[in-house]
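> Okay, predicted coordinates and the sequence, questions at the end:
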Amino acid sequence: MQSKRRVSIIGTGSYVPEKVLTNQDLEAIVETSDEWIYSRTGMRERHIAAPEQATSDLGAEAAKKAISDAGIDVAEIDLIIVATLSPDMFFPSTACFVQDKIGAKNAYCFDLGAACSGFLYAMDTAKNMIASGAAETALVIGSEKMSTFIDWEDRATCILFGDGAGAAVLRAGGEGRGVMDAVMGSDGSLADLLSTPGGGSRNPMTHEMLDQKMQYLQMQGREVFKHAVTRMTETVISTLEKNNISADEVKCFIPHQANIRIIDAIAKKLKVADRMYSNVDKYANTSSAALAIALDEAVKDGTIRKGDLVVLTVFGGGFTWGANVLEWGK
Ligand code: ACO
């Protein structure tokens, strides 16, 4: 058996659709206000995919940018994992559609379901597959067309989400410590607090199911908020302790982009407000794409540089959560 190998992120990319939906635009759709949305969430606008764009189209655009950033030939990719809760179809996997769109003929492909936590779960899976020798060069994507699964008559949820995709290329080797370690967790007993209950085998696609709007995302916002703050804070602390790293050594913390108040609460508990990254004002919550887009932007805008220690953390439906630590090597 091969010993574990170091794994690095060698390229990132992201894509958001052209159409921008502002808080003012939402005022014309549901009874809400820019003031209410901004003060409760920190969101100003979000991007919405065109009717003809599916999740794989967004993912493929982000993937092409990540591959170009990595400077590799697409034929070198031997693994594609797409994290999504808004797949093109039940099957085939969105990853297979992305493979076809970008021409990654040598990859084997699957989707991963961990709701908003999906990108970090996918990164951890790819990292461990590369470290074990099961893969060499992995394309990890978080992609969502959330607008399809939102009830546009429900002001409590429709204001929160946006569409988009982010991607990273992971490969064996590289300089520095690379993608070092992760602590992940789940609690299925709290599944009902955040779910899209209709359309699957539990509540099949019937007229009654559609009349009850069970095909749309449902959540108990306040409960989700509390668990998100607690779990992301705890899992960051566990990850740092497990790796003998102090929070002072970390250059940048990138949390799931669900709500600026969640992000601020975590920053306060960890005492790292000066190093907490957020772009939730521009994109709202893009679920599994949110962390991937934020990572790409933090790299491109110079927040993260070679040699920096970075901590990523997520929380989502399931409940699922996790954090990892990496040393940026590019
Ligand atoms: N505009 C105006 N008023 C609204 C809106 C809106 N868009 N939405 C709800 N309200 C009203 C409610 O009807 C309620 O009115 P009432 O007091 O007359 O009944 C009032 O505002 C307060 O509603 P709450 O839901 O209690 O508001 P809260 O302060 O908790 O904020 C929010 C709601 C923003 C959803 C918050 O709970 C939250 O961010 N939770 C986290 C959920 C989350 O991020 N989920 C995303 C998926 S999970 C993830 O990605 C981690």
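Arrived safely, thanks for sending. Residues are numbered from 1 along each chain as shown.
> Could you list every helix and strand that the longest helix seen in the chain packs against?
Longest helix of the chain, by residue count under DSSP state H: helix 221-242. If you count contacts as 3 or more C-beta pairs under 8 Å, 6 or more residues apart in numbering; DSSP states H and E, helix 221-242 packs onto strand 178-186, helix 260-270, strand 309-316, strand 320-327. Where you see a C-beta, it was placed from the backbone N, CA and C, and this is true even at glycine.
> 10 Å - rerun?
strand 178-186, strand 194-195, strand 252-255, helix 260-270, strand 309-316, strand 320-327 (3 or more C-beta pairs under 10 Å, 6 or more residues apart in numbering; DSSP states H and E).
> looking at these, which is buried most?
strand 309-316 (a mean of 27; mean count of other C-beta atoms under 10 Å).
> Please identify the pairing partners of that strand and their relative orientation?
Its sheet considered, strand 309-316 pairs with strand 252-255 (parallel), strand 320-327 (antiparallel) by DSSP bridges.
> all strands for this structure, in order.
7-15, 19-22, 45-48, 79-83, 108-112, 137-144, 164-172, 178-186, 194-195, 218-219, 252-255, 309-316, 320-327 (DSSP state E).
> Now do the longest helix of the chain: distance to the chain's middle.
Mean-position distance between helix 221-242 and its chain equals 16 Å (C-alpha atoms, centre = their mean, to the nearest Å).
> if we can go back for a sec, now the strands paired with strand 309-316 in JSON lines, please, with extra columns for mean pLDDT.
JSON lines is the format used below for the strands paired with strand 309-316 (pLDDT from 0 to 100):
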{"stretch": "strand 252-255", "mean pLDDT": "98"}
{"stretch": "strand 320-327", "mean pLDDT": "98"}
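> Just put those in a markdown table and tack on distance to the ligand.
Supplementary listing: the strands paired with strand 309-316 in a markdown table, determined by distance: least, C-beta to the nearest ligand atom, whole Å:
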| stretch | distance to the ligand |
| --- | --- |
| strand 252-255 | 10 |
| strand 320-327 | 9 |
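> want to throw those into JSON lines with distance to residue 122?
Formatted as JSON lines, the strands paired with strand 309-316 follow (distance: least, C-beta to C-beta, whole Å):
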{"stretch": "strand 252-255", "distance to residue 122": "15"}
{"stretch": "strand 320-327", "distance to residue 122": "11"}
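> what's the neighbour count on the residue of the stretch 101-250 of the chain found nearest the ligand?
For the stretch 101-250 of the chain, the residue positioned closest to the ligand under C-beta to the nearest ligand atom is residue 221, at a distance of 2.9 Å. A count of nearby residues for residue 221, using other C-beta atoms under 10 Å, gives 14.
> Find the nearest non-adjacent residue to it, please.
Take residue 221 and drop its neighbours on the chain: the residue closest to it by C-beta to C-beta, 6 or more residues apart in numbering is residue 156, 6.4 Å away.
> and the closest residue to residue 104 other than its chain neighbours, what is it in contact with?
Leaving aside its sequence neighbours, residue 104 sits nearest to residue 77 (C-beta to C-beta, 6+ apart; 4.6 Å). Residue 77 makes contacts with 63, 67, 70, 99, 102-109, 135-139, 169, 171, as judged by C-beta atoms under 10 Å, 6 or more residues apart in numbering.
> near the ligand, from these?
Counting by C-beta under 6 Å from any ligand atom, the subset of the contacts of residue 77 that neighbours the ligand is empty.
> hmm, back to that, now the strands of the chain as a markdown table including distance to residue 55?
Formatted as a markdown table, the strands of the chain follow (distance: least, C-beta to C-beta, whole Å):
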| stretch | distance to residue 55 |
| --- | --- |
| strand 7-15 | 11 |
| strand 19-22 | 16 |
| strand 45-48 | 13 |
| strand 79-83 | 8 |
| strand 108-112 | 10 |
| strand 137-144 | 5 |
| strand 164-172 | 8 |
| strand 178-186 | 23 |
| strand 194-195 | 18 |
| strand 218-219 | 20 |
| strand 252-255 | 22 |
| strand 309-316 | 16 |
| strand 320-327 | 19 |
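> The strands paired with strand 309-316: which one's closest to residue 35?
Shortest separation from residue 35 across the strands paired with strand 309-316 is recorded for strand 252-255, at 24.5 Å, computed as C-beta to C-beta.
> Need the CA coordinates for the closest one. CSV is fine.
This file holds the C-alpha atoms of strand 252-255, laid out as CSV (Å, rounded to 0.1, in the frame of the first residue of the first chain):
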residue,chain,number,x,y,z
CYS,A,252,-7.6,33.9,6.6
PHE,A,253,-10.7,32.2,7.8
ILE,A,254,-13.3,31.5,5.1
PRO,A,255,-16.7,30.3,6.4
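> returning to what we had before: and the residue nearest to residue 104, what's its pLDDT?
For residue 77, the pLDDT comes out at 98.
> buried stuff in stretch 273-281?
By neighbour count on 16 or more other C-beta atoms under 10 Å, the buried set for stretch 273-281 is 275-280.
> In a markdown table, list the residues you listed along with pLDDT and distance to the ligand.
Formatted as a markdown table, these follow (pLDDT from 0 to 100; distance: C-beta to the nearest ligand atom, whole Å):
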| residue | pLDDT | distance to the ligand |
| --- | --- | --- |
| 275 | 98 | 21 |
| 276 | 98 | 16 |
| 277 | 98 | 16 |
| 278 | 98 | 13 |
| 279 | 98 | 14 |
| 280 | 98 | 10 |
